[in-house]
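Peer 1: compute the structure for the input listed below.
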Amino acid sequence: MALDFVKLISDEISPNMLQQTASQIGESPERTKAAVSSAVPLVLVAVSEKVETVQGASNVRDLTQSVSTKKITPSVDECLGSKSWGIRDSLVNVSGIKASSAMSLLGTICPFIYGVIGKHTAGMSANDLAGLLKSQRGDFKKNLPRAVGTASAIDSKGESAGVLPARRPIDSETEAQVVPTETTQRTTTIRTFEGNHKPPEPRSTKDPSSGRGWLAAIALLALLGIAAYFSGRGARNVAVGTERDVSNVRPPEAPAEHVDLPGGTSLSLSPNSPAYGMAKYLGDTADHTSPKSFRFDNLNFDSGTTQLTPSSFQTVNDIAAILRANPNAKVRLESHTDAVGDPETNRRLSDLRSTAVKTMLVNRGVDGARMETAGFGSDRPIASNDDEADRAKNRRVEVVVTQK
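Peer 2: From the prediction side, this is the model:
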């Protein structure tokens with residue numbers, strides 16, 4: 001009997017966890033449900049199209065087995081390639097969630113889908129896996145929202161195909177998470193969108209999801225944490241600090257560019273992002289500068305804890321992908337706080353945060369022996385602590401490359 005990935009995933013998930021997922025990404029339950037019901041078929045269609053080439057089929061086979069057996073957590077770009085941004089925009093358009101929320105969803109659901117595929121196709125050749133995925137593409141497309149349609153989910157340029165214009169501006173990928181209030185939440189019902197660009201219906205209690213199973217899957221992972229799901233353990237959430245809110249609001253980044261990494265993988269990164277600089281530096285054999293520090297001020301934590309905000313997960317995935325592609329590189333993870341609160345408590349908090357980031361990178365396939373950690377609290381400011389803008393600059397994680 002042929003494998004039915006839709007049924008397999010539905011059978012593995014647990015229901016009634018939508019609220020946890022919505023809380024994780026900072027969106028309303030209605031919008032989250034609409035986004036999830038669109039994300040899964042979009043990702044499955046993209047994966048089934050990725051295996052059209054021999055190399056693509058081999059990459060998908062290797063990645064699915066790595067996720068299911070080695071327990072790594074691949075980045076969105078590793079799973080979807082150039083189509084990741086188009087799928088993100090599709091989720092924004094059909095559900096009304098922020099772009100950063102859409103990336104957080106994809107960062108969780110892509111590894112889950114790859115893991116399920118790998119679990120049930122162990123030992124299968126790349127050619128056989130490609131045939132299986134292509135044979136189910138029609139079923140995947142049947143689950144797409146009408147706003148996307150049944151055509152190819154994303155065109156060859158990575159752009160959305162057949163998707164309505166966004167109903168609100170797409171936010172920066174590094175925008176600080178804002179949890180909607182009752183007065184700011186808007187409900188979107190996917191099935192109300194037609195080709196004539198009808199506006200969204202008023203608030204409704206109808207289920208906007210076309211597949212309840214997908215919702216439970218993503219919610220389950222949100223509850224357990226993606227690292228714990230794949231490895232059985234995750235970074236502790238230790239509330240020890242008195243530091244104020246650490247969500248840094250930064251200017252929008254430049255449009256993303258594709259950065260080729262050693263080993264044939266690539267990432268879509270903004271040219272002014274620290275991940276872009278780190279990838280370029282490690283790939284430049286003529287640059288022997290060492291150590292070299294990269295300031296990741298878009299790695300944000302919930303106030304007083306070691307819990308990264310959902311908008312930070314993609315940054316961790318990017319760092320992991322860069323380090324996996326450069327196996328000789330060694331780094332030191334350094335965390336810093338502002339000067340609000342007790343200095344010793346902040347030093348302890350920053351040390352725990354560096355350890356938390358290291359744990360997440362280990363869970364994503366980076367050898368822990370290649371990483372050191374350090375926490376400096378407020379001892380090494382790069383700006384004054386006189387106002388919130390400068391304090392935000394001091395709250396940061398730096399990745400120091402100590403060996404290329």
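
Peer 1: need the residues that contact whatever helix or strand residue 258 lives in.
Peer 2: Following DSSP states H and E, one finds residue 258 within strand 257-260. When contacts are defined by C-beta atoms under 8 Å, 6 or more residues apart in numbering, strand 257-260 is touched by residues 82, 266-271, 276, 279-280, 283. Just so you know, the C-beta spots here come from the backbone N, C-alpha and C atoms, and that holds for glycine as well.

Peer 1: could you rerun that using 7 Å?
Peer 2: When contacts are defined by C-beta atoms under 7 Å, 6 or more residues apart in numbering, strand 257-260 is touched by residues 82, 266-269, 271, 276, 279.

Peer 1: residue 372 looks like it's in a helix, true?
Peer 2: No - if the criterion is DSSP: H, G, I helix; E, B strand; the rest coil, then residue 372 is strand and not within a helix.

Peer 1: wouldn't it be in contact with residue 351 here?
Peer 2: No - counting by C-beta atoms under 7 Å, residue 372 does not reach residue 351; the two are 11.7 Å apart.

Peer 1: the two: who's more crowded?
Peer 2: For residue 372 versus residue 351, neighbours defined as other C-beta atoms under 10 Å are more numerous around residue 351 (18 against 15).

Peer 1: mind listing what's buried along stretch 118-134?
Peer 2: Within stretch 118-134, the residues that count as buried by 16 or more other C-beta atoms under 10 Å are 118, 120-121, 124, 126, 129-130, 132-133.

Peer 1: correction: stretch 397-404
Peer 2: Of the residues in stretch 397-404, 397-401, 404 count as buried by neighbour count, 16+ other C-beta under 10 Å.

Peer 1: now flag whichever of the residues you listed is closest to residue 50.
Peer 2: Closest approach to residue 50 among those (C-beta to C-beta): residue 399, at 29.5 Å.

Peer 1: mind checking the SS state of that closest one?
Peer 2: Here residue 399 is recorded as strand under three-state DSSP.

Peer 1: now it: how far from residue 356?
Peer 2: Going from residue 399 to residue 356 by C-beta to C-beta, to the nearest Å gives 14 Å.

Peer 1: what does residue 381 give?
Peer 2: 22 Å.

Peer 1: neighbour count: those two, which is higher?
Peer 2: residue 356 (26 against 17).

Peer 1: chain center to the helix or strand hosting the more buried one: distance?
Peer 2: For residue 356, the host element (DSSP H and E) is helix 343-363. In this view, helix 343-363 has its centroid 20 Å away from the chain centroid, taken as C-alpha atoms, centre = their mean, to the nearest Å.

Peer 1: packing partners of the host helix or strand of residue 11?
Peer 2: Following DSSP H and E, one finds residue 11 within helix 5-12. Secondary-structure packing of helix 5-12 (3 or more C-beta pairs under 7 Å, 6 or more residues apart in numbering; DSSP states H and E): helix 99-120, helix 212-224.

Peer 1: return the helix or strand in this protein with minimum mean pLDDT.
Peer 2: helix 226-231 (a mean of 41; mean pLDDT, DSSP states H and E).

Peer 1: number of residues surrounding residue 145?
Peer 2: 25.

Peer 1: whoops, I mixed them up, residue 255
Peer 2: 9.

Peer 1: and the residue nearest to it when sequence neighbours are not counted, how far is that from residue 75?
Peer 2: Leaving aside its sequence neighbours, residue 255 sits nearest to residue 270 (C-beta to C-beta, 6 or more residues apart in numbering; 7.2 Å). Relative to residue 75, residue 270 is positioned 15 Å away (C-beta to C-beta).

Peer 1: so between the two, which is more surrounded?
Peer 2: Higher neighbour count among residue 270 and residue 75: residue 75, with 27 against 18, using other C-beta under 10 Å.

Peer 1: so the more buried one touches residue 323, yeah?
Peer 2: No - at 11.4 Å, residue 75 does not count as touching residue 323 under the criterion of C-beta under 7 Å.

Peer 1: which residue lies nearest the spatial centre of the chain?
Peer 2: The chain has residue 107 as the residue nearest its centroid, 2.8 Å off, counting by C-alpha atoms, centre = their mean.

Peer 1: which residue packs closest to that one, ignoring adjacent ones?
Peer 2: The nearest residue in space to residue 107 (C-beta to C-beta, 6+ apart) is residue 313, at 4.7 Å.

Peer 1: can you show me the CA trace of stretch 92-112 as PDB?
Peer 2: Output in PDB follows, covering the C-alpha atoms of stretch 92-112 (Å, rounded to 0.1, in the frame of the first residue of the first chain):
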ATOM      1  CA  VAL A  92       1.200  36.600   4.600                       C
ATOM      2  CA  ASN A  93      -1.300  37.200   1.800                       C
ATOM      3  CA  VAL A  94      -3.800  34.400   2.600                       C
ATOM      4  CA  SER A  95      -3.800  34.700   6.400                       C
ATOM      5  CA  GLY A  96      -2.800  38.200   7.300                       C
ATOM      6  CA  ILE A  97       0.100  37.200   9.600                       C
ATOM      7  CA  LYS A  98       3.400  39.200   9.700                       C
ATOM      8  CA  ALA A  99       6.300  38.100   7.500                       C
ATOM      9  CA  SER A 100       8.400  37.300  10.600                       C
ATOM     10  CA  SER A 101       5.500  35.100  12.000                       C
ATOM     11  CA  ALA A 102       5.300  33.300   8.600                       C
ATOM     12  CA  MET A 103       9.000  32.500   8.700                       C
ATOM     13  CA  SER A 104       8.700  31.200  12.300                       C
ATOM     14  CA  LEU A 105       5.900  28.900  11.200                       C
ATOM     15  CA  LEU A 106       8.000  27.600   8.300                       C
ATOM     16  CA  GLY A 107      11.000  27.200  10.600                       C
ATOM     17  CA  THR A 108       9.000  24.700  12.600                       C
ATOM     18  CA  ILE A 109       6.900  23.000  10.000                       C
ATOM     19  CA  CYS A 110       9.600  22.400   7.400                       C
ATOM     20  CA  PRO A 111      11.800  20.200   9.600                       C
ATOM     21  CA  PHE A 112       8.700  18.400  10.800                       C
END
